[in-house]
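Q: sequence unknown, structure follows:
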């Protein structure tokens, strides 16, 4: 075989017939069994890989020690973290110390040098430091700004976030104040699915979530208020839907159903092909979906004020 002149990429290959070389000539130098199964256990496989990896805890509350397993002989290791202000790692010993009350994910790096003429190689491990943290909060796919209240109209909604440092099934939520909001926690998608009801849901309301790990507790709050111009918008149910989607248009105070403007309602599949359309001034609009295959769809309502778009799921 061809050997690359660069010693960092040199490789050697040895081959032979196992049925002959297992017993071979009966000595260490002439047979494989002495090396692959020296105590004659009958094992048919053996792990011959010696790939270095970082060994240490995945959660750090105060202090932790990290070790590079399978370190190559004659090499040196230098330790570091991508956030020394959150988790400081001694470059020589691999001892890590949490800084203050910092909480969040940190990447630890072991830089291995001294591999002949080769460049240094980095091995990394992502750990969580401190109490659970929350990132990427969204409401109906749009960013939720922490400390604010998000406007929602009657209908189905989702409030999602990423939980770091703890499993989503440990999260417990409460509705404050309790009232006419139907909701549930979907731990598999890390989201609250809820429905606000016209004329019944009281605003503002909040979902307050609590979770803990061995380092301590954490809390997150989704706050909601009535969205702007909701009376001119549309809410729909059920979602997911199996046979018929029902749209209900809001009526402003003092307005009769017969006074509603004409709107164009359309339903599109995931390829944005139009599978249903209708122009109507009806307050209650029914869309049959029994003939449509399961999947994600997009509902569009064209009004004078603009276009309302919602995601619809057909599932049976």
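A: Yes, it's here. Keep in mind the model is a prediction, meaning the values are calculated, not measured.
Q: got the contact list for residue 129?
A: Taking Cβ atoms under 8 Å, 6 or more residues apart in numbering, we find residue 129 in contact with 59, 60, 86, 87, 98, 102, 103, 104, 105, 106. Quick note: C-beta positions are derived from backbone N, CA and C, even for glycine.
Q: separation between it and residue 217?
A: From residue 129 over to residue 217 the distance is 15 Å, taken as Cβ to Cβ, to the nearest Å.
Q: on that earlier part again, please identify, among the contacts of residue 129, the one with the most neighbours.
A: residue 87 (25 neighbours; other Cβ atoms under 10 Å).
Q: Is residue 222 in contact with residue 207, as I believe?
A: Yes: with contact defined as Cβ atoms under 8 Å, residue 222 and residue 207 form a contacting pair (4.4 Å).
Q: what are the ranges of the strands in the stretch 1-150 of the chain?
A: Here the stretch 1-150 of the chain has its strands, by DSSP state E, counting those that start in this stretch, at 53-55, 59-60, 63-65, 67-69, 76-81, 87-89, 95-98, 104-113, 121-129, 133-139, 142-143, 149-152.
Q: most packed of the ones you listed?
A: strand 87-89 (a mean of 21; mean count of other Cβ atoms under 10 Å).
Q: State the mean pLDDT of it.
A: For strand 87-89, mean pLDDT rounds to 98.
Q: Just list what it packs against, helices and strands only.
A: Applying 3 or more Cβ pairs under 8 Å, 6 or more residues apart in numbering; DSSP states H and E, we find strand 87-89 packed against strand 76-81, strand 95-98, strand 104-113.
Q: closest to residue 177 out of these?
A: Of all the helices and strands packed on strand 87-89, it is strand 104-113 that lies closest to residue 177, at 31.7 Å by Cβ to Cβ.
Q: What mean pLDDT does that closest one get?
A: 97.
Q: beta partners of the most centrally placed residue in the chain?
A: Taking Cα atoms, centre = their mean, the centroid of the chain lies closest to residue 162, which sits 5.8 Å from it. Note on residue 162: beta-bridge partners by DSSP bridges are residue 135.
Q: returning to what we had before: quick one: the strands of the stretch 1-150 of the chain as a markdown table, columns for distance to residue 263 too.
A: Output for the strands of the stretch 1-150 of the chain, formatted as a markdown table (distance: least, Cβ to Cβ, whole Å):
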| stretch | distance to residue 263 |
| --- | --- |
| strand 53-55 | 59 |
| strand 59-60 | 52 |
| strand 63-65 | 60 |
| strand 67-69 | 64 |
| strand 76-81 | 56 |
| strand 87-89 | 55 |
| strand 95-98 | 56 |
| strand 104-113 | 46 |
| strand 121-129 | 48 |
| strand 133-139 | 24 |
| strand 142-143 | 23 |
| strand 149-152 | 20 |
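Q: between these, which one is nearest to residue 171?
A: Taking Cβ to Cβ, strand 133-139 is the member of those nearest to residue 171, at 9.6 Å.
Q: okay, the angle between that closest one and strand 104-113?
A: 120 degrees (axes from the mean of the first three to the mean of the last three Cα atoms, to 10 degrees).
Q: gap between strand 133-139 and the chain center?
A: With Cα atoms, centre = their mean, to the nearest Å as the basis, strand 133-139 stands 10 Å off its chain's centre.
Q: what helices or strands is that strand leaning on?
A: Counting contacts by 3+ Cβ pairs under 8 Å, 6+ apart, strand 133-139 packs against strand 155-164, strand 216-226.
Q: Adjacent strands (with direction) for the next helix-or-strand element following the first one?
A: If you walk from strand 155-164 toward the C-terminus, the next helix or strand you reach (DSSP states H and E) is strand 172-176. The strands beside strand 172-176 in its sheet (DSSP bridges) come out as strand 205-213 (antiparallel).
Q: Pull out the buried residues from the strand it pairs with.
A: Neighbour-count burial for strand 205-213, counted by 16 or more other Cβ atoms under 10 Å, picks out 205, 207, 209, 211, 212, 213.
Q: Can you name the residues bridging to the spatially closest residue to the first one that is not a sequence neighbour?
A: Of all residues beyond its chain neighbours, the one nearest residue 205 is residue 224 (5.7 Å), with distances taken as Cβ to Cβ, 6 or more residues apart in numbering. Listed by DSSP bridges, the beta-bridge partners for residue 224 are residue 150, residue 205.
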